[in-house]
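Asker: no FASTA, just this:
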């Protein structure tokens, strides 16, 4: 271990320092000036972007005795995570203030969660991964319960905590089996052990693998380990749902890519079958159940499950093209998800959550601009060109067909048609119905600006998707 | 010259950018405000400039040249080998001209009848125009697909926002039906991408494919195009969409969007999967004849004018698919091109006639807010000028010689007669059925005694309506009396297509 190691791991170290600074600063800020905590957090995130930029890795660097890795994949995921945490903070600020839950803890827990995500993204051993995961998970349990006067939030937090603890237990149990069989916790050593001794590829390892997949599926919210997701999405206050729905998806992708591709890539044939079942179930359950929802947060929860099905199917193919497609899909999905929850927050105001689909009725009369922004986001999620969601789906379907599963590809496109219905319903309410609530939308200029940029980004990325796709292929190629 | 090199791009993006500008600046609650008036004017000017530029396309188009013209090719998504690749030939140019011709008319027709959110309304039509031109000029399958699907968005909003009472049902049905049809085409494209390494349509055409693969691809294309045409039995969205759409939406739907199905068969199905097309030709002819005969009878039974015209559209589009797929019934004899040429002429002609018919119904609807045939009668007494136009278009719809409706149908009937007597026999029944349902409607609506006080109070066409209908009337007669320029434009391309289809891929 030498000093260079600390420079490679500077992003996490600096973030930890900044978290401490925010914590201490927040102590001296009274409730009226809580917005200062927000600005300090935003400044911290900007500082993080600078640090990440300065430490951008050219190639794969493994440090701390092989438990930490810095590579282009971790870099892009971290940059995206920092951006989306910042966006979540910005969208949330005025909502929290109006609902009198504007506490420093929101930003603090958000930053600690970010630290957990960054550790996951750079994990090169099962233990580092687990530590990062728990850092993220614990701060999220607390975030979900941030409004202690809300019964639904408390219920959601309890569900999330108990089920999350079981999933972590499964993951840890799986880790112990993999360690027992291969004799290592580090992904490259696990991979080397499996390739040098084919007899390891046997029942004991598969047993551990099954538990790992349970843990990973839980974090993604894939069927049949999805029960927590709709309840938590609905029960948590909208800013928390926004946080939960965006950046942690990137960490879940890292979890999958590091463990199953880097570490257990040699077992692809075994885990691919399990992932396929989970993915297809997610696709079907997510899309069909979303149709029946009247709460838009819950509907977007089920839609997340369906999107997770797509991401897992891309990873299922096991090719470089498939992995790149999964990265592209996740990055672009998070853009749309952040925007959609941002829109829900925009429509909410003091003491009133616009969480029912009917709250979107007549939005075109209230604000044609934001109705159009929401339309962009919904069409992108539905996978209609020219929005970026289409290219996400295109890449995934292309990877699946290339692996020889044309039947699966047909199922995927048909599921998208089912999914189109509930996204169209949002547009129908916004454009074809009369407004029940005629209040003028009120939001700070910076929020409106970023939300507009966020929504226009799904169109812009759809018109020029080439560079991002090339980047994803370069990173995972 | 710089301008002609990017002519197609200008045609596509000028209306799209114009429409986007209208959305951004057009915050209009009140249709009577002066700002809304400016919006209307901007929309019209943009569509008129597009029309003028498309005349440059017509002038610059070389009838004798083989292959594509006005080609543009830029890399779009390098890692997927997708190109922004445009070009036109004798099949797509007439359809682009039809699009640029119909759109300004639709904008004039909606001038003061659209009371709510005019800026959004006109913007939707402008964006739709650009996207439709994109469909007709894309030479890259993925670009084609992007335009093909993106086009659904403005139409979804046009029907849903400005439509009639059951507009939500109609527009959802329209969107989901066409979306379902199209996604399998996407799967076929991706399969072909796997085979050829790119999305270039010419690459697809050159790719060797087994008969089994060709059959599956043909079915995937068929679902996409049959829904759009629409062919029996996947036509049920069309009557709903037409009835509920505002007049302008119905006109664009009937005049242009339906043509995309026929265009898809000619541009994609035939050259990419010639053997698959041959395999299914019999079925396609059967479906086309069912559309012509059965839907003709269905049209006879309608009480709603828009619904009647919608069903008549399905019957007339049956001629297009009949003309295209009758191709294999010739053993290399002459006349093979006649069917396709007839189908193409039928598409253009139907675009003009059905557009005009819907505008005529729109004129009555604006005055009486009813589409029921039974609510009218004796309109000729109060609206003589209107009645003259309506009768002319009805005659054209029934295929009267001298109007454009006759040319395409006649060419297709001749072609099918050479192929098989019974095809021609059934197809020709439309000359009776078409006359029956159209003229019966005319009799009940236009002639007879003045039915009620509302009809007695009707005012004849105003200048705006007169201009739109007069332009369409002139073009219907022009194509009917002198179709040569249109047919000449297509000939070389169709010959080339038939030669291409003749080469088996097996």
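Answerer: That came through fine. Fair warning: this is a prediction, and the values are worked out from it, not measured in the lab.
Asker: make it CA atoms for all contacts and neighbour counts henceforth
Answerer: OK.
Asker: low-confidence bits of the stretch 1-150 of chain B, can you list those?
Answerer: Along the stretch 1-150 of chain B, the parts satisfying pLDDT under 70 run over B:1-4, B:27-32.
Asker: in it, what residue comes closest to chain A?
Answerer: Distance from chain A to each residue of the stretch 1-150 of chain B (Cα to the nearest Cα) is smallest for residue B:77, at 4.3 Å.
Asker: neighbours of the nearest residue to that residue once chain neighbours are set aside, how many?
Answerer: Computed as Cα to Cα, 6 or more residues apart in numbering or on different chains, the closest residue to residue B:77 that is not its neighbour in sequence is residue A:466, at 4.3 Å. Burial of residue A:466 is recorded as 19 neighbouring residues (other Cα atoms under 10 Å in any protein chain shown).
Asker: give the contact list for residue A:466.
Answerer: Neighbouring residues of residue A:466 by Cα atoms under 8 Å, 6 or more residues apart in numbering or on different chains: B:76-79.
Asker: which of the residues you listed sits closest to residue A:214?
Answerer: residue B:79 (33.9 Å; Cα to Cα).
Asker: for the closest one, helix, strand, or coil?
Answerer: At residue B:79 the chain is in helix, as set by DSSP: H, G, I helix; E, B strand; the rest coil.
Asker: before we move on, which element is the nearest residue to it once chain neighbours are set aside in?
Answerer: In this structure, residue B:79 finds its nearest non-sequential neighbour in residue A:470, 5.9 Å apart by Cα to Cα, 6+ apart. Using DSSP states H and E, residue A:470 maps to helix A:466-476.
Asker: again with residue B:76
Answerer: strand B:69-77.
Asker: strands paired with that strand, and their directions?
Answerer: strand B:82-88 (antiparallel) (DSSP bridges).
Asker: quick one: distance of the partner strand to the chain centre.
Answerer: On the basis of Cα atoms, centre = their mean, to the nearest Å, strand B:82-88 sits 22 Å off its chain's mean C-alpha point.
Asker: quick check, the one helix or strand residue A:340 maps to touching chain B?
Answerer: For residue A:340, the host element (DSSP H and E) is helix A:320-347. No. Using Cα under 8 Å from any Cα of the partner chain, helix A:320-347 stays clear of chain B, coming no nearer than 10.3 Å.
Asker: averaged pLDDT, the helix holding residue A:470. What do you get?
Answerer: Average pLDDT, helix A:466-476: 89.
Asker: residue B:413 contacts residue B:428, correct?
Answerer: Yes. In this structure, residue B:413 is within contact of residue B:428 by Cα atoms under 8 Å, at 6.5 Å.
Asker: and the two? which has more neighbours close in?
Answerer: Applying other Cα under 10 Å to residue B:413 and residue B:428 shows that residue B:413 carries more neighbours, namely 25 against 21.
Asker: grab the nearest non-local neighbour of that one.
Answerer: Residue B:413 sits nearest to residue B:424 (Cα to Cα, 6+ apart), 5.4 Å away.
Asker: could you check the angle helix A:466-476 makes with the helix holding residue A:340?
Answerer: Here helix A:320-347 points in a direction 130 degrees away from that of helix A:466-476 (axes from the mean of the first three to the mean of the last three Cα atoms, to 10 degrees).
Asker: let me know the next secondary structure element after helix A:320-347.
Answerer: As assigned by DSSP H and E, the chain's next helix or strand after helix A:320-347 is helix A:363-366.
Asker: how near is residue A:143 to chain B?
Answerer: Residue A:143 is 38 Å from chain B, where distance means Cα to the nearest Cα, to the nearest Å.
Asker: burial count for residue A:65?
Answerer: 11.
Asker: near chain B, which residues of the stretch 351-477 of chain A show up?
Answerer: Checking the stretch 351-477 of chain A against chain B by Cα under 8 Å from any Cα, the hits are A:368-369, A:384-386, A:397-398, A:401-402, A:409-410, A:413-414, A:417, A:420-421, A:424, A:428, A:431-432, A:464-467, A:469-470.
Asker: emit the ChimeraX select command for whichever of the residues you listed are buried.
Answerer: If you want just the buried ones from these in ChimeraX, going by 16 or more other Cα atoms under 10 Å in any protein chain shown, the selection is:
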select /A:368,369,384,385,386,397,398,401,402,409,410,413,414,417,420,421,424,428,431,432,465,466,469,470
